[in-house]
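Chemist: Structure here, sequence nowhere to be found:
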C-alpha cells in the first residue's frame, strides 16, 4: 500500500520502446521498495518536479500527475542499472492504479518523503431545495475531504438575500423576494480557504407545493359508519420538497345531487385521525352530517389513524420543521381543489374545480389551514375557512420560549395569558408535538422546543421562520376569503392567545366567537360547538 493506494505493475518486453527515464523510487527514502513515480512521455500537462528516494539514494525526478487518472497507463523504460530490474532488458510497465479508500486528484496522499499532497474537496451534502418561500429556512450541510477539519464558513450572495449562520449553515430567506431571486449559498473550507462548494436556491413568494400520486380506492371505510349515504375512502402518497413522503387518507361523502361545494375537515395535533370518529370528537360526525345534508361534498383528511397506526404524528412527523411539513396538508387541499371529478364522480358533474371550497380544523388542524392559505398561497382556492382553537402555531418562537416570560391576549377572558407550550406528562405536552417536527420517524431527539422552554435556546431564527407569522408581526392580507374563528371559554391552553394574535394581523379581520362554558379545547366534542361549526360553514361557504 502506498498512501492507501494499491499499485500493480505488469512487466512485458518491448523492443520498440524509446528509452525513458522511468524509475521506481523508494517510499519515503526507504530503499528496495516499489513506488509510484514514473517519467512518462507525451503527457506534459501532468509534469511536476519533486524529490524522492530512488534505490539506495535519492535524485530529482520529473513526476507526471495526476497519473491516477489521465496519465495512466504508461509505457516506459527503466534506467540501466536499476537494482529492481534486469539492466539488459527493455521493459514496458502497464500501471493499473486501484484507489482503495481515498479518491484524489493528482498524485497526493503518500506519507513520508515523497512530498505527496492530498487535495481538499468541499461538497454540499444532502438534497438542498431548488426553491424556497420568503421567510422560510433550510439547514445546509457540507462535507470536507482531504483535511482533518470538517469546519466550513457559510456565506450567501447577494448578501442582502436573507441571512445564514456562518458556522451552522442555517439559511433564512428574506421576507420579500430579492432581486435577483436566485441566491448562492457557499461553504468554504476553514483549513483551505481556496476550496469551496456552492448551491443555488430561488426565493419565491410562497412555499413550493408537493405532488400527489398513487391514488387508490380502499375496499372499505373506517370511522363513523351510520350514514344514509355511502362514503368512499382513498389512499394516496403525498410528496413534498425536503421531507419524506407520507401516506394520506381521504374519507369522502357526496350529496345525493350535484354538490354546492366541497368542505375539508382536519383534526388536531398532526392530523392523524378522522373528524367523524367518536374516538377523536364526540360530535364531529354531526358536523359532517349536517354539511353533507346541506348539499356539500365532505372530505375528511387523515395523515394516519384510524387507517394505520404507523403514522401517529401525522403531517407533523419530521424531520423538516413545522412550516415545511405543512406542505403535506396544503398539497392535499390543492389536489382536492383541482380534481373535482375525483372527489365527486357523479357523471353530471362537469366542474373544473371544487369551488366553492371551504375548510375547518381544530387546534393543529387550524394551523395546517393557516399555513395553507398564507405560506402556501392557497387563499384563492378557498372561499371560507374556520380555524377552531387556534391557529396554535402563530408564533412558535413564543410557544417554545421560557414559560412566564411572554404573554398574549386571550380574546375570551380579555386577559394576558402565557404563550408557552405545555411540557411534561406521559406525552411530553404540546412542546413534544413541536419537537416531533424536527425528529426522524421513531426517534426521540432532538427536542428543540422542550429544550428551549427549559432554557437551552434553539438555532437563532429557526422557530420564528417556522411560525405562521414568520416576521413576528406582519399584516397578512387574505382578501376575498371569509374567516371565522371559534374558541371555548373553558380552554386554558395557549391555543387561545396564539389564535388571538393571528386574528390581530389578518385582513379582513376574522370573525371571532368564544363559546360559553363548558366548551373547551376540542370544540367538536361539544354539541354546541359542533352545531356552531356546521352553521358557519353552511352560511359562509357560498
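Modeler: Structure received. Since the model is a prediction, treat every value here as computed from it, not as a measurement.
Chemist: State which helix of this structure is the longest.
Modeler: helix 527-540 (DSSP state H).
Chemist: quick one, strands of the stretch 151-300 of the chain?
Modeler: Applying DSSP state E, counting those that start in this stretch to the stretch 151-300 of the chain gives strands spanning 152-157, 163-164, 170-172, 182-189, 196-204, 211-217, 232-239, 246-253, 261-266, 296-302.
Chemist: Okay, and the beta partners of residue 408?
Modeler: Beta bridges link residue 408 to residue 417 when assigned by DSSP bridges.
Chemist: Surely it touches residue 498?
Modeler: Yes. Using C-beta atoms under 8 Å, residue 408 makes contact with residue 498 at a distance of 7.0 Å. From N, CA and C alone the C-beta is placed, and that goes for glycine too.
Chemist: neighbour-wise, which of the two wins?
Modeler: Of the pair residue 408 and residue 498, residue 498 is the one with more neighbours under other C-beta atoms under 10 Å, namely 29 against 21.
Chemist: Identify the residue nearest that one in space, chain neighbours excluded?
Modeler: The shortest distance from residue 498 to any non-neighbouring residue, by C-beta to C-beta, 6 or more residues apart in numbering, is to residue 394 (4.6 Å).
Chemist: Residues that sit against both of residue 408 and residue 498, list them.
Modeler: Shared contacts of residue 408 and residue 498, defined by C-beta atoms under 8 Å, 6 or more residues apart in numbering, are found at 398, 419.
Chemist: Looking at the strands of the stretch 151-300 of the chain, which is nearest to residue 460?
Modeler: Distance to residue 460, taken as C-beta to C-beta, is lowest for strand 170-172 among the strands of the stretch 151-300 of the chain, at 7.8 Å.
Chemist: packing partners for the closest one?
Modeler: In terms of contacts (3 or more C-beta pairs under 8 Å, 6 or more residues apart in numbering; DSSP states H and E), strand 170-172 is packed against strand 137-139, strand 163-164.
Chemist: Do I have it right that residue 501 meets residue 409?
Modeler: Yes. Under the criterion of C-beta under 8 Å, residue 501 makes contact with residue 409 at 7.4 Å.
Chemist: Please say which of those two ends up with more neighbours.
Modeler: Relative neighbour count places residue 501 above the other of residue 501 and residue 409, with 20 against 16, counting by other C-beta under 10 Å.
Chemist: which is the next helix or strand following the helix or strand containing residue 503?
Modeler: Using DSSP states H and E, residue 503 sits in helix 495-505. Following helix 495-505 in sequence order, the next helix or strand is strand 506-507 (DSSP H and E).
Chemist: Quick one: neighbours of the nearest residue to residue 307 once chain neighbours are set aside, just the number.
Modeler: Leaving aside its sequence neighbours, residue 307 sits nearest to residue 249 (C-beta to C-beta, 6+ apart; 4.6 Å). Neighbours of residue 249 under the rule other C-beta under 10 Å: 25.
Chemist: check contacts around residue 249.
Modeler: 218, 233, 234, 235, 236, 301, 302, 303, 304, 307 are the contacts of residue 249 under C-beta under 8 Å, 6+ apart.
Chemist: which one of these is nearest residue 357?
Modeler: residue 301 (12.6 Å).
Chemist: Now do the same contact list for the closest one.
Modeler: 248, 249, 250, 264, 265, 266, 271, 329, 332, 333.
Chemist: With pLDDT and distance to residue 340 as new columns, can the residues you listed be given to me in JSON lines?
Modeler: As requested, the contacts of residue 301 are exported to JSON lines (pLDDT from 0 to 100; distance: C-beta to C-beta, whole Å):
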{"residue": "248", "pLDDT": "98", "distance to residue 340": "18"}
{"residue": "249", "pLDDT": "98", "distance to residue 340": "19"}
{"residue": "250", "pLDDT": "98", "distance to residue 340": "14"}
{"residue": "264", "pLDDT": "99", "distance to residue 340": "13"}
{"residue": "265", "pLDDT": "98", "distance to residue 340": "17"}
{"residue": "266", "pLDDT": "98", "distance to residue 340": "19"}
{"residue": "271", "pLDDT": "98", "distance to residue 340": "22"}
{"residue": "329", "pLDDT": "98", "distance to residue 340": "19"}
{"residue": "332", "pLDDT": "98", "distance to residue 340": "14"}
{"residue": "333", "pLDDT": "98", "distance to residue 340": "13"}
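Chemist: Kindly reformat those residues as a markdown table containing distance to residue 201.
Modeler: Shown next, in a markdown table, are the contacts of residue 301 (distance: C-beta to C-beta, whole Å):
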| residue | distance to residue 201 |
| --- | --- |
| 248 | 27 |
| 249 | 33 |
| 250 | 32 |
| 264 | 31 |
| 265 | 35 |
| 266 | 30 |
| 271 | 28 |
| 329 | 23 |
| 332 | 25 |
| 333 | 25 |
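Chemist: Please indicate which of the residues you listed are buried?
Modeler: Among these, those classed as buried by 16 or more other C-beta atoms under 10 Å are 248, 249, 250, 264, 265, 266, 271, 329, 332, 333.
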